Structures are given as C-alpha cells and as structure tokens.
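> generate coordinates for the sequence data below:
(one chain, ligands or ions: 2)
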Amino acid sequence: MSADVSKLDAYWMPFTANRQFKQAPRLLTGADGMFFRDDKGREVLDGIAGLWCVNAGHNRPKIVQAIQEQAAELDFAPPFQMAHPKAFELAERLAALTPQGLNRIFFTNSGSESVETALKMAIAYHRVRGEGARTRLIGRERGYHGVNFGGISVGGMVANRKMFGSLLAGVDHIRHTHDPARNAFSVGVPQHGAEFADDLERLVALHDASTIAAVIVEPVAGSTGVLIPPAGYLQRLRDICDKHGILLIFDEVITGFGRTGNPFGAQTFGVTPDLMTVAKGITNGCVPMGAVFAQQKIHDAFMTGPEHLIEFFHGYTYSAHPLACAAGIATLDTYADDGLLTRAARMQDEFAKALHSLREEPNVIDVRNIGLVGGIELKPLPGEPAKRAFNIFLDCWDKGLLIRTTGDTIALSPPLIIESAHIERIIDTLRGALRRAA
Ligand SMILES: Cc1ncc(COP(=O)(O)O)c(CNc2cccc(C(=O)O)c2)c1O
Ligand SMILES: Cc1ncc(COP(=O)(O)O)c(C=O)c1O
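Ligands and ions are numbered 1, 2, ... in the order given. Alright, predicted model coming up:
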C-alpha cells in the first residue's frame, strides 16, 4: 500500500518535520518481535523499541489477547469514586517490583501526565504537612519531562520551552552532568561529575529549603542524548534532599521496566526516590498508560480529615483505564516469562562492546551506554546542528533499521528481547551509514 499524499494533510504530526515527512512518508503497517513492517512490505529492525517503550518486543500474544478480551468485557469504568478490579491488581503487581517503600500507585495516561501528577503531589504533600511555602520545583538542564507546562518548566531542553512563554514561576535548574572532557567514551557509568549535584546546595542557599518542594531528574537523561549519571551523583542528590526535606523525584519513563538491567533505574544506581514517574514500558507501549509510584509516607500524609472528602483533587478520565490495566498485567506477565526486567544486565557487556566498536568511525565524538540503552554522539555539520544525525537516521531507515536521533546524538534503546544477531545488524548498519556520511 503506498500512501495517497492527499490523505496526509489533516493529520498534524507531533514532534515531526511535517512538510518534509509528507513529501516522503515513512509508514509502518505491522510489527512482530524485533521488527516493524512498512507500507512497502519491508522488514525494519526496531532499534529504539518503537519510542523507548516496546520493551518486550512487538505483538506479544499475552498482551494482545488481554487487550482483546478486556475490550469485549469492560471497555470503560469511571475512575472517580468508582473502580474495576484490574486497577487494584495492576497496582499491587507494580508495588511488588518497585524499590523499597514506593508502594502507592497513581495511574495516569502518559509520561507527561505522570510528571504533572508527581509535581502536584509533591507541592500538595508539603502543604498538607503544614509547609505550604515549599512550592519551588528544581529541574535539570537538558532534562526531559514531557510536554505539559509543568514538565517543560522543570525540563531543560530549550526547543521544548522557548515557544511557550514564561512557563511556571518558581522553577530553577541544576546543571546537566555531561562532561566530555573527562568522561568521553566511558563504558557504563562515568567516573567524574558527582560534584554536579552540589548545585542543589547552591539553590538551597539562594532560595532557602523552606521554599523548595522537590527536585526532578531522569536517572539516565534519555531524550537529550543518553547521559549516564556520574558515579555517586544520584546518591549525593539523595543526601542533599534528605538534609533539607526536599522530595526527590526520579523520572523513569525511559529507564523503567528493565531498560538499565533492573526493574527500575533506582535499583541499578542504588538510590531510592520519594516519587517515581513511569509510562512507556508499563504496557509495552501497547495502550497509553503512566503512573506515579509514591512512598507510602507521602500517600498517608494525604489520608487525613473527614473520610467522605476527596483527599487529592487530581486525576484523569482515563486514569486506570481497563484496557491499559489489562495490558499492564499481561505486560508484567510477559516480562516475567522472559526474565526481561533484568535481561539488560546480562546483555550489557555485549551491547557496550558493539557500541564502542564505533568509536573510530567518522565524526563519532562520544559513545555512552548502560544496560540496553546507548548514545553515539556525532560532530555536528558546520552551521547545521542535528542534520548529520538526521541524515544517518534516513540512511538507516533506507537500509532497514529504525534508530532515534536527538540533536547530533544517535539513540539506541532496542527491545529487551534483542539477540546478538540483531546487535550485529544494528552496528553494521550504523557503521555503513557513518562511513557513507563522512
Ligand atoms: C523521562 C521522560 N519523562 C516524560 C516523558 C513524556 O512521556 P509521554 O511522551 O508519554 O508524555 C518522556 C517521554 N520520552 C520521549 C517521548 C517521545 C520521544 C522521545 C525521544 O527521545 O525521542 C522521548 C520521558 O522520556
Ligand atoms: C472540559 C474538560 N477538559 C479537560 C478534561 C480533562 O480530560 P482528561 O481527564 O482526559 O485529562 C475534562 C475531563 O473531564 C473535561 O471535561
């Protein structure tokens, strides 16, 4: 099936160069395991798990069947003052996987909604405890926390912010941790840069802890180009937050559900946050869903006052949607069946060796990796930032490989079911593209 261009006009595409795309559409019509199928019948290797979300690979039978059966049984249930059993079942299953204490689950429909929820939860938590002056939120340069106003305010990716005015007041940022001079081509966790966390002490000195609600960071900064946290950095953030009564939020929309070799990045790095946002892999990318995992102390702080009153005035029409919950339960079953929540730890060394074999290829200026996520940073074309990487993206697409680019970094985040042959095909295709673009 080749697309009729006249039928492409109405759809305004997200985060896309719409005019260029509609001149030569890239249409996916099917998927199975590690592969997409495009509208010309080509098999395309999925090097980015769709969009960092199809962690178990495509078309997994248990998930497909669960969605089909749920749609036929209970298509919708109102989540305000009402519920359905699978919401509680999924919440309990998730609570059994999360780091110590993060055992209260608030469902959303996306990562962006999870971030907004966590930010509101943090501010409201301090208010219900009598510290209502704590309204300031701290993000990080180059951070990505979705596209709603809270997320772009704490976020640090300039292109996502500059079009939208003044954003939320009372937001500040700590520096990003990218330090190529000291850490370029680090295999796994870079050794330099824990001291970047001390920026938080400076912001406490500037604003006073009594005005600061929370800090939000991605354990691994994904969308900005796969920045791995320096050794000791996250723990230092944790310690400073504890010292000043500031909540620590880990945005694990990408790192969640096995990406770094444990169920969550918090477990990989040995640091437990107060709130954690997830989405993407929660349903293997099959049905939109997100969640906020909260420490029980945070949840319990809201559970005061007359019991007939709503404790937290927040939620979404589709919170805990039956299809999403059914998909989520089947997804966790599938992860368990295949050992996927820890498989990235077993594949990490092979993946790292393959990625770093590109070090000497033309215009490669850094390679970063942890678990089954990697970034290959390229020297920009003079005066055309991001174009070199995008040209590599197009070349790989033509050669049957889907990758992701962000700026001049190639991001790889394949399904966790990846085998050696797939890794070899990814690297060989990239090597060829890098040489053709030299
Ligand atoms: C850390 C983080 N937080 C929030 C979001 C927003 O999730 P939703 O999109 O479901 O609202 C994300 C999403 N991350 C994301 C989404 C789309 C593209 C890319 C990319 O890097 O190319 C990354 C994310 O990576
Ligand atoms: C007018 C209006 N706007 C926005 C929303 C929020 O929609 P959602 O719950 O899907 O976030 C609702 C939900 O009922 C609504 O009635």
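> identify the residues contacting Ala324.
107, 109, 283, 287-289, 318 (C-beta atoms under 8 Å, 6 or more residues apart in numbering). Where C-beta positions appear, they are placed from N, C-alpha and C, glycine not excepted.
> buried subset of the residues you listed?
107, 109, 283, 287-289, 318 (16 or more other C-beta atoms under 10 Å).
> tell me the one among those residues nearest to Glu360.
Thr283 (39.9 Å; C-beta to C-beta).
> residue contacts, that closest one?
With contacts defined as C-beta under 8 Å, 6+ apart, Thr283 is in contact with 63, 289, 324, 327-328, 331.
> tell me the centre residue of the chain?
Ile254 (2.3 Å; C-alpha atoms, centre = their mean).
> ok so, going back, helices - which of the contacts of Thr283 land there?
63, 324, 327-328, 331 (DSSP state H).
> nearest to ligand 2: which residue in this structure?
Minimum separation of the chain from ligand 2 (C-beta to the nearest ligand atom) falls at Thr317, amounting to 3.4 Å.
> what's the closest non-adjacent residue to that residue?
Spatial nearest neighbour of Thr317, chain neighbours left out: Pro79 (7.6 Å); criterion: C-beta to C-beta, 6 or more residues apart in numbering.
> for the one you found, give me phi and psi.
Here is the backbone geometry of Pro79 (degrees, to the nearest 10): phi -90, psi 0.
> any idea how many residues pack against it?
By the measure other C-beta atoms under 10 Å, the count of residues near Pro79 is 18.
> ditto for the one 10 residues further on
Taking other C-beta under 10 Å as the criterion, the count of residues near Glu89 is 15.
> tell me which other helices or strands whichever strand or helix holds it touches.
Element membership for Glu89, per DSSP states H and E: helix 85-95. Counting contacts by 3 or more C-beta pairs under 8 Å, 6 or more residues apart in numbering; DSSP states H and E, helix 85-95 packs against strand 104-108, strand 290-294, helix 322-338.
> mean pLDDT added to the ones you listed, as JSON lines?
Converted to JSON lines, the helices and strands packed on helix 85-95 look like this (pLDDT from 0 to 100):
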{"stretch": "strand 104-108", "mean pLDDT": "99"}
{"stretch": "strand 290-294", "mean pLDDT": "99"}
{"stretch": "helix 322-338", "mean pLDDT": "99"}
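> deepest of the ones you listed, which one?
strand 290-294 (a mean of 28; mean count of other C-beta atoms under 10 Å).
> helix or strand right after it?
As assigned by DSSP H and E, the chain's next helix or strand after strand 290-294 is helix 296-302.
> what's in contact with that next one?
Residues contacting helix 296-302 (C-beta under 8 Å, 6+ apart): 101, 103-104, 121, 124-125, 128-129, 247, 274-275, 311-312.
> between those, which is closest to Ser210?
Arg129 (12.3 Å).
> tell me the pLDDT of that closest one.
pLDDT, Arg129: 98.
> show me what contacts it?
Ala301.
> quick check: the gap between the residue nearest to Thr317 and His314.
As for Pro79, its distance to His314 is 12 Å (criterion: C-beta to C-beta, to the nearest Å).
> same check on Phe107?
Distance from Phe107 to His314, by C-beta to C-beta: 11 Å.
> just the helices in the stretch 201-350 of the chain please.
Assigned by DSSP state H, counting those that start in this stretch, the helices in the stretch 201-350 of the chain fall at 233-244, 265-269, 296-302, 322-338, 340-356.
> quick one: the shortest one near ligand 1?
No: legend: contact between helix 265-269 and ligand 1 by C-beta under 6 Å from any ligand atom is lacking; minimum distance shown is 10.3 Å.
> and the strands in the stretch 1-150 of the chain?
28-32, 35-38, 43-46, 104-108, 136-140 (DSSP state E, counting those that start in this stretch).
> tell me which of the helices of the stretch 201-350 of the chain sits most buried.
The most buried one of those (mean count of other C-beta under 10 Å) is helix 265-269, showing a mean of 24.
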